[in-house]
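> Provided below are the primary sequence and the corresponding predicted coordinates.
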Amino acid sequence: MTTTTAATLTPAQALRLAFALSLGAAVSLGITRFSYGLLLPPMRADLGWSYTLAGGMNTANAAGYLLGALMTPALMRRFGPVPLLIGGAVWASLFMVASGFFTSAPALLLQRLFAGMASAWVFVAGGLLAARLGALQPSRSGFLLGLYYGGTGLGITLSALLVPAVLQAASGEPHGWAWAWWALALASFTATAVLALAMRALPMEARAHVPASSSDASPRSTPVRRFGWALAGYTLFGAGYIGYMTFVIALLREQGAKPGDITAFYALLGVACVASSRLWAGLLDRFRGGGPQALLNALLGVATMLPVLSPAWPVAMASGLLFGAVFLSVVASTTALVRHNLPAAQWATGISAFTIAFALGQIVGPTVTGWISDGEGGLARGLVASAITLWAGALLASRQRALLT
């Protein structure tokens, strides 16, 4: 096999590698995390959960994500980004298998925590590799980054098509939702195998180990601490968006949506995620400050409010379309911010800092939204709180200025 280098990498090869990397995002977020929104209603009904406990499952996942993010720089220094990407995807898939074998809340909470930890290894390592790949194709770096993050949409769409069908087929089985977890795990293993094969063609410049000086750098010795406004806005993004992704399906079911409608809604949201890689690429390439993050957070707040304002099905579909077209580009905007403002040796540090902020928001978001939803006003009030959180995040991010001119 001929080793690919930056000099020999063609645009078509870069596109194929970015798509392959996007399978990591599909496993780490699209399947491991966001499929839970489809499984929450049947699991809650079967196991007698409150909305607070149901939200706590994604809080545990986010806590694991935070632990994984904190571990990632040292793991990348020890093993390199590619082995961490593949190994994390394997572990995430194994924890998905485990989801189908438990019914007790403590065991499921622990499983969600471990799955979140593995998904952080995948997502941070994949984000670093996508940033490096984009640096080898500067004119298309925003598109390649967006394509990676848009891979989450592939996982969401696959979940939307797979979970309802499996739930229906297993409707006569005790704890029939377990079969959906196992089907999702099989999909994750398949995506991981394709990803592992594709990474053999990744240029040596992209797969290099993270330098120790980059991983060990403290906030005082790098400009990362000067991303304060963007980090604060991103924390609120994490808290706000996860409330929507955790509970919107339950709200639509309460409003009378049929299983086919739910499948269409979630599949459309996933397709919009994939399309967002092209939609916002120019914005991420042009602006070096917090403007893109602010704009996208504001649009997410609008999307979150739509199903609260009207139960009409076209309004719900518009909400899913807008949300899907925007939310992963907020994630991509932070990687672009790091890439624009830090030297390449500090990209891993910068991406990890934003990943930690993201995880902190996600730890708070699901449980708080669930707690609000258990009170007067129900799920609608919970999503209102999520929208307000997203708009506050937009305001904070708008104050972030570029570090380099």
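Cool, the structure landed.
> who touches the nearest residue to D374 once chain neighbours are set aside in this structure?
Closest residue to D374 apart from its sequence neighbours, by Cβ to Cβ, 6 or more residues apart in numbering: Y51 at 4.8 Å. Where you see a C-beta, it was placed from the backbone N, CA and C, and this is true even at glycine. Y51 sits next to 44, 247, 250, 370-371, 373-374, 379, 382 when contact means Cβ atoms under 8 Å, 6 or more residues apart in numbering.
> How about Y241?
Y241 makes contacts with 300, 304, 327, 330, 365, 386, 390, as judged by Cβ under 8 Å, 6+ apart.
> mind putting the contacts of Y51 in JSON lines, pLDDT included?
JSON lines is the format used below for the contacts of Y51 (pLDDT from 0 to 100):
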{"residue": "R44", "pLDDT": "91"}
{"residue": "F247", "pLDDT": "89"}
{"residue": "A250", "pLDDT": "89"}
{"residue": "G370", "pLDDT": "89"}
{"residue": "W371", "pLDDT": "91"}
{"residue": "S373", "pLDDT": "90"}
{"residue": "D374", "pLDDT": "90"}
{"residue": "L379", "pLDDT": "90"}
{"residue": "G382", "pLDDT": "92"}
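> Most neighbours among those residues, please name it.
Counting neighbours by other Cβ atoms under 10 Å, F247 comes out on top of the contacts of Y51 with 29 neighbours.
> For that residue, list the residues it contacts.
Going by Cβ under 8 Å, 6+ apart, the list of residues near F247 reads 37, 40, 51, 55, 369-370, 373, 379, 382-383.
> likewise E173?
Applying Cβ under 8 Å, 6+ apart, the residues near E173 are W179.
> helix, strand or coil for it?
Secondary structure, DSSP: H, G, I helix; E, B strand; the rest coil: E173 is coil.
> And it, how close does it get to Q362?
Computed as Cβ to Cβ, to the nearest Å, the E173 to Q362 distance reads 32 Å.
> next one: P41
P41 is 20 Å from Q362, by Cβ to Cβ.
> L17 too?
28 Å.
> same thing with V274?
V274 is 22 Å from Q362, by Cβ to Cβ.
> out of the two, which sits in the more crowded spot?
More crowded of V274 and Q362, by other Cβ under 10 Å: Q362, with 28 against 24.
> Tally up the residues packed near the closest residue to that one other than its chain neighbours, please.
Spatial nearest neighbour of Q362, excluding adjacent residues (Cβ to Cβ, 6+ apart): A62 at 3.4 Å. Neighbourhood size, A62 [other Cβ under 10 Å]: 29.
> For G55, see how far away A62 is.
Taking Cβ to Cβ as the measure, A62 falls 10 Å from G55.
> shared neighbours of those two, anything?
Common neighbours of A62 and G55 (Cβ under 8 Å, 6+ apart) are P366.
> how about low-confidence regions in the stretch 201-350 of the chain?
The model of the stretch 201-350 of the chain has pLDDT under 70 over residues 205-224, 277.
> Make TSV out of the contacts of Y51 and add distance to G256.
Formatted as TSV, these follow (distance: Cβ to Cβ, whole Å):
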residue	distance to G256
R44	18
F247	16
A250	13
G370	22
W371	25
S373	18
D374	21
L379	13
G382	18
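> Helices - which of those residues land there?
In helices, judged by DSSP state H, the following of those are found: 44, 247, 250, 370-371, 373-374, 379, 382.
> So which of the residues you listed is the closest to P73?
Closest approach between these and P73, by Cβ to Cβ: G370, at 31.7 Å.
> Put the alpha carbons of stretch 239-246 into PDB.
What follows is stretch 239-246, C-alpha atoms only, in PDB (Å, rounded to 0.1, in the frame of the first residue of the first chain):
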ATOM      1  CA  ALA A 239     -27.000  22.700  28.300                       C
ATOM      2  CA  GLY A 240     -29.600  24.100  25.900                       C
ATOM      3  CA  TYR A 241     -29.300  21.900  22.800                       C
ATOM      4  CA  ILE A 242     -29.300  18.600  24.800                       C
ATOM      5  CA  GLY A 243     -32.600  19.400  26.400                       C
ATOM      6  CA  TYR A 244     -34.200  19.600  23.000                       C
ATOM      7  CA  MET A 245     -32.500  16.400  21.700                       C
ATOM      8  CA  THR A 246     -33.400  14.500  24.900                       C
END
